[in-house]
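Colleague: Following is a predicted model, sequence given first.
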Amino acid sequence: MLNIAMRKSPVATKTFRAPTYSKISPRAKEQEQLYLLRRDASTEVLSSQLVKRAKVP
């Protein structure tokens, strides 16, 4: 039986891992969280106003 040993290319031997760091800066994360909080609060206010208007004859 013929046994041919072929070396793997460097790309084939590398293991790919997900990056452990975040691509978003901490400041951008904070700004996003503040935006989401403000957006949620404003939608709650709007929905409560709509409910109050619906109850008034």
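Modeller: Looks like it arrived, so ask away.
Colleague: ok, Ala5 to Ile24 distance?
Modeller: Computed as C-beta to C-beta, to the nearest Å, the Ala5 to Ile24 distance reads 46 Å. Heads up, the C-betas are built off the backbone N, CA and C, glycines and all.
Colleague: Look at these two and report which has more neighbours.
Modeller: Ile24 (11 against 4; other C-beta atoms under 10 Å).
Colleague: what's the lengthiest helix in the chain packed up against?
Modeller: Identified as the longest helix of the chain according to DSSP state H is helix 26-55. Here helix 26-55 touches no other helix or strand, going by 3 or more C-beta pairs under 8 Å, 6 or more residues apart in numbering; DSSP states H and E.
Colleague: Quick one: mean pLDDT over it.
Modeller: When pLDDT is averaged over helix 26-55, the result is 82.
Colleague: ditto for stretch 5-15
Modeller: When pLDDT is averaged along stretch 5-15, the result is 67.
Colleague: tell me the SS of Arg17?
Modeller: Secondary structure, DSSP: H, G, I helix; E, B strand; the rest coil: Arg17 is coil.
Colleague: ok, it to Ile24 distance?
Modeller: As judged by C-beta to C-beta, Arg17 and Ile24 stand 19 Å apart.
Colleague: Also Leu36?
Modeller: According to C-beta to C-beta, Leu36 and Ile24 sit 14 Å apart.
Colleague: Would you mind giving the secondary structure of Ile4?
Modeller: coil.
Colleague: can you pull the contacts of it?
Modeller: Residues near Ile4 by C-beta atoms under 8 Å, 6 or more residues apart in numbering: none.
Colleague: Ramachandran coordinates for it?
Modeller: Main-chain dihedrals, Ile4, degrees, to the nearest 10: phi -110, psi 120.
Colleague: and if you look at Phe16?
Modeller: phi -100, psi 130.
Colleague: what about it, distance to Leu36?
Modeller: Taking C-beta to C-beta, one finds Phe16 at 32 Å from Leu36.
Colleague: who has more neighbours, these two?
Modeller: Between Phe16 and Leu36, Leu36 has the larger neighbour count (other C-beta under 10 Å), namely 10 against 5.
Colleague: What separation do you get for that one and Ile4?
Modeller: Using C-beta to C-beta, Leu36 is found at 59 Å from Ile4.
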